[in-house]
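> sequence and predicted model, in that order:
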Amino acid sequence: MQTKMIAAATLMVLATAAQAQGYVGAAAGVTKLNDSCAGTVTCDTTGSGFKVYGGYKFMPFLGAELVHFNFGKAKATSLVGATTVAVEIEPGGFGLGVAATTDLAANVPATARLGVASIKTKSSGSAQGVSVSSSESSTQAYFGLDIGYAFSKSLAASLSADFSRAKTSGETAAVRLVGAGIRFAF
């Protein structure tokens, strides 16, 4: 009886290992920093950004991921007296989380992501030839959703949206990346 139980447990471990799958992916698209433009002359809180990620599925529907985000660059100018001040804010960072995947239809996978990210926000400003810069890091939750089309078991394209928060000068603002990407499983 004990031999049968050991054999069954060994088969379960081997079956789980056979289902495990590594993957890598990248996406690029439009970013948005939800920051107030109050008091500015010009303000552009949208930009271009990207993410690269790698993961390992421990079960057919659940995996762990490591991700690098670049949430683009927001720019603004304002007047301080007669002086024009230009400011740029650029959030990005690394995250660790889980990804749950399901098939909505044949060749149409959908993934939900949830994790914790270290977001570093670089800020710079310039006025009359004088420049200053600073950076601030914070630990933030992130989540994302994507829907894709699988060309094969190992290659898929996707549309995705990723969300987190960035902190600069003591203020926290929501950031997002909406884009298109590709994923390769091995």
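Cool, the structure landed.
> what sits closest to Ala117 if chain neighbours are left out?
Distance criterion Cβ to Cβ, 6 or more residues apart in numbering; nearest residue to Ala117, sequence neighbours excluded, is Gly95 at 3.4 Å. Where C-beta positions appear, they are placed from N, C-alpha and C, glycine not excepted.
> partner residues bridging the one you found?
Beta bridges link Gly95 to Val67, Ala117 when assigned by DSSP bridges.
> hang on, it packs against Gly115?
Yes: Gly95 is within contact range of Gly115, at 4.8 Å (criterion: Cβ atoms under 8 Å).
> joint contacts of these two?
Overlap of the contact sets of Gly95 and Gly115 (by Cβ atoms under 8 Å, 6 or more residues apart in numbering) consists of 65, 67, 142.
> which helix or strand in this protein has the lowest average pLDDT?
Every helix and strand of the chain was ranked by mean pLDDT, DSSP states H and E. The lowest is helix 2-19, at a mean of 52.
> what's opposite Thr172 in the beta bridge?
Lys167.
> now do the same contact list for it.
Applying Cβ under 8 Å, 6+ apart, the residues near Thr172 are 138, 165-166.
> ok, and the most crowded of those?
Neighbour tally across the contacts of Thr172 (other Cβ atoms under 10 Å): the maximum, 28 neighbours, falls on Ala166.
> so that residue makes contact with Phe71?
Yes: between Ala166 and Phe71 there is a contact at 6.7 Å, judged by Cβ under 8 Å.
> list residues touching both of those two?
Common neighbours of Ala166 and Phe71 (Cβ under 8 Å, 6+ apart) are 33, 91, 119, 175.
> higher neighbour count, Gly95 and Gly115?
Gly95 (25 against 19).
> list the contacts for the more buried one?
Contacts of Gly95 (Cβ under 8 Å, 6+ apart): 65-69, 115-118, 142, 164.
> and these, which are buried?
65, 67, 69, 115, 117, 142, 164 (16 or more other Cβ atoms under 10 Å).
> of those, which is the nearest to Val80?
Ser164 (30.7 Å; Cβ to Cβ).
> leaving out the residues flanking it, which one is nearest to that closest one?
Tyr142 (3.9 Å).
> who does that neighbour form a beta bridge with?
Gly115.
> my guess is it contacts Phe163, does it?
Yes: applying Cβ under 8 Å, one finds Tyr142 in contact with Phe163, separated by 6.5 Å.
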